[in-house]
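Colleague: Quick one, what's the 3D model for this:
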Amino acid sequence: MATAIIYGSSTGNTEKVAELIEDELGDLVDEVLDISDVTADDMNSYDKLILGIPTWDEGQLQEDWETFFEDEMDDVDFNGKTVAIFGLGDQEGYPEYFLDAMRPIYDKVIEDGGTVVGFTSTEEFEYDESKAEVEEGKFCGLAIDEDNEDDLTDERVEDWCDQIRKYFE
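Modeller: Down below sits the predicted model:
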């Protein structure tokens, strides 16, 4: 069962978190790829995916993810795949859109019969709204705020990896 971490990163923050996750999960991860270099066929070749999506401006997908979503996403078959999502956002600068970009990815995986693992609590964050909150008190994946709480990133990644590890063994 092959596993890939696939991320989009304009500032390097999501790439950094992807590398932290790779370090935590070790040999459970086969590849780490930038979404700008990935096709639907590439994504279909993995049984398990860890997808990193930063939220931009007013809840938008990062530009490489937006391009993939528009051009390739309909050709990805998530049926039977295990998927974990991590998202980056700015809860202080954009509290009404915190982590929104995770939601369209989550929705697509669920609609196609995939299983999303790795929900995390909303309790540690202060924001107004988030489309990533898919059930009361739960984000649809790992929530990271590198802009305001970068000192908590290592611990959040470690805790999340402990939670999802069993799904990627």
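
Colleague: can we go C-alpha only for contacts and neighbour counts from here?
Modeller: Fine.

Colleague: what comes into contact with the longest strand along the chain?
Modeller: In the chain, with assignment by DSSP state E, the single longest strand is strand 48-56. Around strand 48-56, the neighbours that count as contacts under Cα atoms under 8 Å, 6 or more residues apart in numbering are 1-9, 14, 18, 61-62, 65, 81-89, 97-102, 168.

Colleague: Just the ones of those in strands?
Modeller: Secondary structure from DSSP E places 3-7, 61, 82-88 of the contacts of strand 48-56 in strands.

Colleague: Report the strands that pair with the longest strand of the chain, each with its relative direction.
Modeller: strand 3-7 (parallel), strand 60-61 (antiparallel), strand 82-88 (parallel) (DSSP bridges).

Colleague: State the mean pLDDT of it.
Modeller: Summarised as a single mean, pLDDT over strand 48-56 is 97.

Colleague: Check stretch 10-29 too.
Modeller: In this model, stretch 10-29 carries a mean pLDDT of 97.

Colleague: List the contacts of it.
Modeller: If you take Cα under 8 Å, 6+ apart as the criterion, stretch 10-29 is touched by 2-9, 32, 52-54, 62, 87-88, 146, 153-154, 157-158, 161, 165, 168-169.

Colleague: Likewise for stretch 125-144?
Modeller: With Cα under 8 Å, 6+ apart as the contact definition, stretch 125-144 has outside contacts at 84-89, 91-92, 94-103, 106, 116-123, 150, 153, 156-157, 160.

Colleague: Quick one: distance of it to the chain centre.
Modeller: Its chain's average C-alpha position is 12 Å from that of stretch 125-144, according to Cα atoms, centre = their mean, to the nearest Å.

Colleague: again with stretch 80-89
Modeller: Averaging C-alpha coordinates over stretch 80-89 and over its chain gives two centres that are 4 Å apart (Cα atoms, centre = their mean).
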